[in-house]
Structures are given as structure tokens and as C-alpha cells.
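K.L.:
Would you be able to build a 3D model of this:
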Amino acid sequence: MLRSVAVPVIDDLAIFEFGLFGEVFGLDRSWYTDIPPIDFRVCGVEAGRPVTTQIGVPVTPAFDLTALDDADVIAVPAATIRPDDAYPPELLDALRRASARGAIMLSACSGAFVLGAAGLLDGRPCTTHWRYADELQRRHPTARVDEDVLFVDDGDIVTSAGTAAGIDASLHLVRRELGSEVANVIARNMVVPPQRDGGQRQYIPRPVPEADCDELVDVLAYMNDHLDQQHSVAVLAQRAHMSTRTFARRFVAETGVTPMQWLTGQRVLHARLLLETTDAPIDEIAAACGFGSGTLFRHHFAREVGVAPTAYRRSFAGEGTRVGETTHRSSGRSSTDRFSSDTRMRPAPVTASGGR
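P.N.:
Take a look at the predicted model:
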């Protein structure tokens, strides 16, 4: 569940990582969507005692650490890494209690060091900022630190890499707990991509490949906007004003995958959203996503996601995805209208720079 989020803060707090938790979880969006507000609590060792930040602006927590005792999610922001894991013992004890009762732990950047100091990363896959990954591994030898990913979802512990990767992890958690449409509403209002992971199959998601080359950025955007159409490398190369050989080579160099692999991944991402937010038949979704047949769609979906489309729909379609209908009431159209302009959301527009 995701009804309450507690954010424990300590001195030398990183203000961006603290702020992103507030942006994703702390804002009341019920005035323009059907998303209910989340009970958001900023907690400190002492309620009312300001903590210092890395930019000199103090933050005053309204709650003490007892507010962690019944929160669904404990979101640990980054702070200056303490020598020898010298974090407040009261905080570490509170984190252990919360974890023991089944709360979800979410960290941004160096917040993973706080979870590690509480003994919560032992034997678990995790990540942190690439600059600090070796140190986290040194301090916690049994943890499985992956420095190459944006975030790691290990069920009740979700850790993110540096800085803006905390947004990716937070939106992923919203998507996991409340559905794609909720995450997309939040992401649109934050003006960030709603999803950059590599598929449900991977508990360690990687970013959707992006490109720095302007010509390829335009082609990627075109492919995203026309997922239901068939594309050939030769035609895409013409759009990029390159020879077929140069285009194929540049595409792999920029994104790490071939054009058809990239396209298949985007089609599967779009199919996941349609499975979650519509009741359209499988063959209809297959056609809308550019797969030649339902059989081909099932093959690619199971390979990318790890389960069949029908099984995925059973797991992820539900009331949590039926938000945002207030947006459409004036037109008499529900957000669940099959393949409406609002429900048939494309994957995030491709930009020239990726998240950190």
C-alpha cells in the first residue's frame, strides 16, 4: 500500500533528494485528479528542531521518529556520508523497527548508506550514486551493489542511484503500488518521463536508451509517435539523413541496442500501459502497438516482461489505474475509454539528455 510516507531527515541533508520525495509524494493533487493525497510526514530525531542542509537552508521536521512506526513507506533522502556509519542511533533503530513490520524502504542517492548502517542491505541487491558505490560495497561486503542502474527494486527495499535517479525510483514505486496512470499523472505534472525501466522481468531496471545525436533524437521521437506502424532500418536512416550502414552503427553506439530492439522495447512498454488501463482484447492491443499478430505480441511480451499479457493484466489492472476521470468529465468521456487520446499514452518523449 502507499497511503503514508515518512521522510526522516538528519543534518547535512541534500535538499534536492529531500525535495523530490516531497514533489512525488507530498503534494495534494486531488483538486485536479482522482489521486487521493498521501499522508506525508517529515520526521527528525526531535520534532521542531531544524536540521542543516548542504546549501545552508534549514529544514524543520514537524514529527519525531515515532511517525515512522506506522508509515507504509520510509523514504530516506541523501545526506553527507558519515564516517564509520555514525548516523543517529535513534534513527537506525526506528528504521529497523519499520523494516521488521514490513514497511517499504526507499532511498535516494547516499540515503542507501543510512539503510546499510541499519543493517538492512546485508545480502540484498542495491545501488547508490556511482561515485559512492565502491565505498558502500566496502562498508557492507554482503550487499550486492550495482553501480550501473538507475534504481534497484528488491521488494520491500528500493534504492536509487545519484540525484535525479530518486525521481525514477519514486515514480517506479508509485507505478508498482498505484498503477501506471497515477505515475503518469504525477510525471506529466513534474515534466519528467513517467518510466525509464527495462521491463517487469528485471528487478534491477535500466533506463530506456536515449541519444545525444540530434538526428537520432528526431528519429526516436518519430518511432515513439508511430509505434503502430512498421519501420525499416532503411526508411529510418533516410529520416536521419544517413546511409543505412551509418545509421545502424550510430544507433547502436548511441543507445546500446539495434533500432528494432529499441522499437520492440517501446512497444512492450506501451502494451503494458494498455493492459493496465483498458479492457481491450489482446489482438487489439497487439495491433495498436505495432505487433503483426497476437502470437507475435505474446512472444515479445513474455520475453521482455517474463509473464504472458493476460497474466500481467490480472496482476496490474485494477482500481488503482482508474484515476484521472475528473480530467475528462466535461467532455463526457471516461479515462477508461478504449484508446482515447488520454488513455493511449505514448512512452515518454525522447530527450537529448538522460537522468542521472
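K.L.:
Residue 105: what secondary structure?
P.N.:
strand (DSSP: H, G, I helix; E, B strand; the rest coil).
K.L.:
which non-adjacent residue is nearest it?
P.N.:
residue 157 (4.7 Å; CB to CB, 6 or more residues apart in numbering). Using the backbone N, CA and C atoms, a C-beta is placed for each residue, glycine as well.
K.L.:
Tell me how far stretch 94-113 lies from the chain's centre.
P.N.:
18 Å (CA atoms, centre = their mean, to the nearest Å).
K.L.:
Just the C-alpha atoms of it, please, in PDB.
P.N.:
Provided in PDB are the C-alpha atoms of stretch 94-113 (Å, rounded to 0.1, in the frame of the first residue of the first chain):
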ATOM      1  CA  ALA A  94      13.500   3.300  14.000                       C
ATOM      2  CA  LEU A  95      14.400   2.000  10.500                       C
ATOM      3  CA  ARG A  96      15.000  -1.500  11.800                       C
ATOM      4  CA  ARG A  97      11.600  -1.500  13.500                       C
ATOM      5  CA  ALA A  98       9.800  -0.200  10.400                       C
ATOM      6  CA  SER A  99      11.500  -2.800   8.200                       C
ATOM      7  CA  ALA A 100      10.700  -5.600  10.700                       C
ATOM      8  CA  ARG A 101       7.000  -4.800  10.500                       C
ATOM      9  CA  GLY A 102       7.100  -4.800   6.600                       C
ATOM     10  CA  ALA A 103       7.300  -1.100   5.700                       C
ATOM     11  CA  ILE A 104       8.800  -0.300   2.300                       C
ATOM     12  CA  MET A 105      12.200   1.300   2.500                       C
ATOM     13  CA  LEU A 106      13.100   3.800  -0.300                       C
ATOM     14  CA  SER A 107      16.400   5.600  -0.500                       C
ATOM     15  CA  ALA A 108      17.800   8.300  -2.800                       C
ATOM     16  CA  CYS A 109      21.500   8.500  -3.600                       C
ATOM     17  CA  SER A 110      23.600   8.300  -0.400                       C
ATOM     18  CA  GLY A 111      20.500   7.500   1.600                       C
ATOM     19  CA  ALA A 112      21.500   3.900   0.900                       C
ATOM     20  CA  PHE A 113      24.300   4.400   3.500                       C
END
